[in-house]
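[1] Sequence plus the predicted model coming up.
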Amino acid sequence: MLFDCHLHCQFSPDGMMTMEQAKSQAGRLGLGLCVTEHMDCEAPSTADFTFDVDRYFAAGGGVRSQHFLLGVELGLQLGPVVEINRNLASDPRFDFVLGSVHVVGGVDLAGCEYQGRHDARQSMRHYLATATANVAAQPFIDSFAHIDYPLRYDQHLASVFEFNDFRNEFAELFAIMVANDVCLEINTRRLSHRTWREFCEIYRFFAVCGGQAVTLGSDAHGQAQIGRNFDLAVELAGAAGLSICHFASRRPVIDRPA
Ligand SMILES: [Zn+2]
Ligand SMILES: [Zn+2]
């Protein structure tokens, strides 16, 4: 069984489904799930993207099973957040800790402020260097989320992006991930036939750098998005020679070998 290891329910301010609704949709699709509510401590965003961990496990206790797991999407930042994140990640109740870089240079990439402040290629380099520094400081994450995050919000960057312009920056990030057994997520939100080549270059290079496994994540905020584009993600992992896994009690479980 494949697992969707990145989705948001009622403990995320932008989540539009309950855990029960997510579970019933996953049942219809024949997928396992791992919920990853937002935990972005000290983020510049105006909304509060954090949650009460005890309330989360209390609410999830009734739905939790071998095929319905409870994780977290930790917003990675340097400074005091490192220790906060380390403490959160050490909570043995989490099945899975997904690490994300949403903030670069003190600015949330999901806001429009970041765009236009730098040359597009320079901003991608800045993002990848920030990701490398953050994974080095927070190597306790299980998988690194949406590596294409800046491309979601910066349309100009998305139009000029060429993998080869950033080969060295990807190599540095992947070296830190491989050294710390951190998986790479295939985030399926932007995955399509149109973006296939760019995804393929990134995931093949992860394998070249020694990466072995990916987790799949739809980044669903509503039921209809659960498992989106997973057919393409399975094809992508196969083309890159990477295994597909999920995490239970923080241990990797291979769902599809390379
Ligand atoms: Zn995210
Ligand atoms: Zn997310």
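    Arrived safely, thanks for sending. Ligands and ions are numbered 1, 2, ... in the order given.
[2] what's the burial count for the residue in the stretch 151-258 of the chain that ligand 2 sits nearest to?
    Proximity of the stretch 151-258 of the chain to ligand 2 (Cβ to the ion) peaks at residue 219, 4.6 Å away. No exception for glycine: its C-beta is placed from N, CA and C like everyone else's. Neighbour count for residue 219, taken as other Cβ atoms under 10 Å: 22.
[3] How about whichever residue of the stretch 51-200 of the chain sits closest to ligand 2: what's its closest non-neighbour residue?
    Nearest residue of the stretch 51-200 of the chain to ligand 2 (Cβ to the ion) works out as residue 73 at 4.8 Å. Of all residues beyond its chain neighbours, the one nearest residue 73 is residue 36 (4.1 Å), with distances taken as Cβ to Cβ, 6 or more residues apart in numbering.
[4] And for residue 229?
    residue 188 (3.9 Å).
[5] Show the pLDDT at the most centrally placed residue in the chain.
    Nearest residue to the geometric centre of the chain (Cα atoms, centre = their mean): residue 145, 1.9 Å. Note on residue 145: pLDDT of 98.
[6] Check whether it really touches residue 73, as I assumed.
    Yes. Taking contacts as Cβ atoms under 8 Å, residue 145 lies within contact range of residue 73: 6.4 Å.
[7] what sits in contact with each of those two?
    6, 98, 99, 100 (Cβ atoms under 8 Å, 6 or more residues apart in numbering).
[8] The residue of the stretch 51-200 of the chain closest to ligand 2 belongs to a strand?
    Yes. Counting by DSSP: H, G, I helix; E, B strand; the rest coil, residue 73 is part of a strand.
[9] how deep is it tucked in, by neighbour count?
    By the criterion of other Cβ under 10 Å, residue 73 has 27 neighbours.
[10] which residues of the stretch 151-258 of the chain fall in strands?
    Along the stretch 151-258 of the chain, counting by DSSP state E, counting those that start in this stretch, strands occupy 183-187, 213-217, 243-248, 251-256.
[11] Tell me who's in contact with the residue nearest to residue 229.
    Counting by Cβ under 8 Å, 6+ apart, residue 188 makes contact with 216, 217, 218, 219, 228, 229, 230, 232, 233.
[12] And residue 226, by the same measure?
    By Cβ under 8 Å, 6+ apart, the contact list for residue 226 reads 4, 7, 22, 25, 26, 29, 31, 33, 218, 220.
[13] Next, give me the two most distant ones among the shared contacts of residue 145 and residue 73.
    Checking the shared contacts of residue 145 and residue 73 against each other with Cβ to Cβ, the farthest-apart pair comes out as 6 and 99, at 11.3 Å.
[14] Tell me which of these two has more neighbours.
    For residue 6 versus residue 99, the count of surrounding residues by other Cβ under 10 Å is larger for residue 6: 28 against 25.
[15] Tell me the pLDDT of that one.
    For residue 6, pLDDT reads 98.
[16] Test my guess that it contacts residue 36.
    Yes. Counting by Cβ under 8 Å, residue 6 sits close enough to residue 36 to count as a contact (5.2 Å).
[17] All good on my end, thank you.
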